[in-house]
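Enquirer: below is the sequence, then the predicted model.
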Amino acid sequence: DIVMRLIKEGKPITYKTVDGHEIPVIQPEIYARTYCKNCDNEVNSEEEPQGNCSNCGKPWAEYFTKDITVRVLEMPPIGAESGD
């Protein structure tokens, strides 16, 4: 099972006024998965400085990878009032 770790929470970072309505600008949630490309072993922050995968022994320089997922929490209503 693939586990993505939350590394930055989504939250309002500022507000802007659109047509007299205050709309929040939301920072998206950011998730990361760090793993060995060779054997798909999850890498934790303690293993990373060791230089090699604790599962297959391959060097991080060649086999270390990170997947990043950005999840937008909310899209404020934007658009023309005329319905175009």
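Expert: Sure thing, it's come through. Numbers count the residues shown, from 1 in each chain.

Enquirer: just name the shakiest helix or strand of this protein by mean pLDDT.
Expert: Least confident helix or strand of the chain, by mean pLDDT, DSSP states H and E, is helix 60-63 with a mean of 81.

Enquirer: list the buried residues in that helix.
Expert: Buried residues in helix 60-63, counted by 16 or more other CB atoms under 10 Å: Trp60, Tyr63. To be clear about C-beta, it is placed using only N, CA and C from the backbone, and glycine gets the same treatment.

Enquirer: how far off centre is that helix?
Expert: With CA atoms, centre = their mean, to the nearest Å as the basis, helix 60-63 stands 21 Å off its chain's centre.

Enquirer: heads up, I number from 17, so please use that
Expert: Okay, residue one is now 17; in that scheme the one you just asked about reads as helix 76-79.

Enquirer: any idea which helix or strand comes after it?
Expert: Next in sequence after helix 76-79, counting helices and strands by DSSP states H and E, comes strand 80-87.

Enquirer: what sits up against that following strand?
Expert: The contact list for strand 80-87, computed with CB atoms under 8 Å, 6 or more residues apart in numbering, reads 20, 26, 44-53, 59, 64.

Enquirer: for it, what is the distance to the chain centroid?
Expert: Mean-position distance between strand 80-87 and its chain equals 6 Å (CA atoms, centre = their mean).

Enquirer: show me what counts as buried in that strand.
Expert: Buried residues in strand 80-87, counted by 16+ other CB under 10 Å: Phe80.

Enquirer: quickly run through the sheet partners of that strand, with directions.
Expert: Strand pairing for strand 80-87, using DSSP bridges, gives strand 45-52 (antiparallel).

Enquirer: list the buried residues of stretch 34-50.
Expert: Applying 16+ other CB under 10 Å to stretch 34-50 flags Ile39, Ile42, Glu45, Ile46, Tyr47, Thr50 as buried.

Enquirer: give me the sheet partners of the strand or helix carrying Pro40 and which way each runs.
Expert: For Pro40, the enclosing helix or strand under DSSP H and E is strand 37-43. Strand 37-43 sits in its sheet next to strand 27-34 (antiparallel), going by DSSP bridges.
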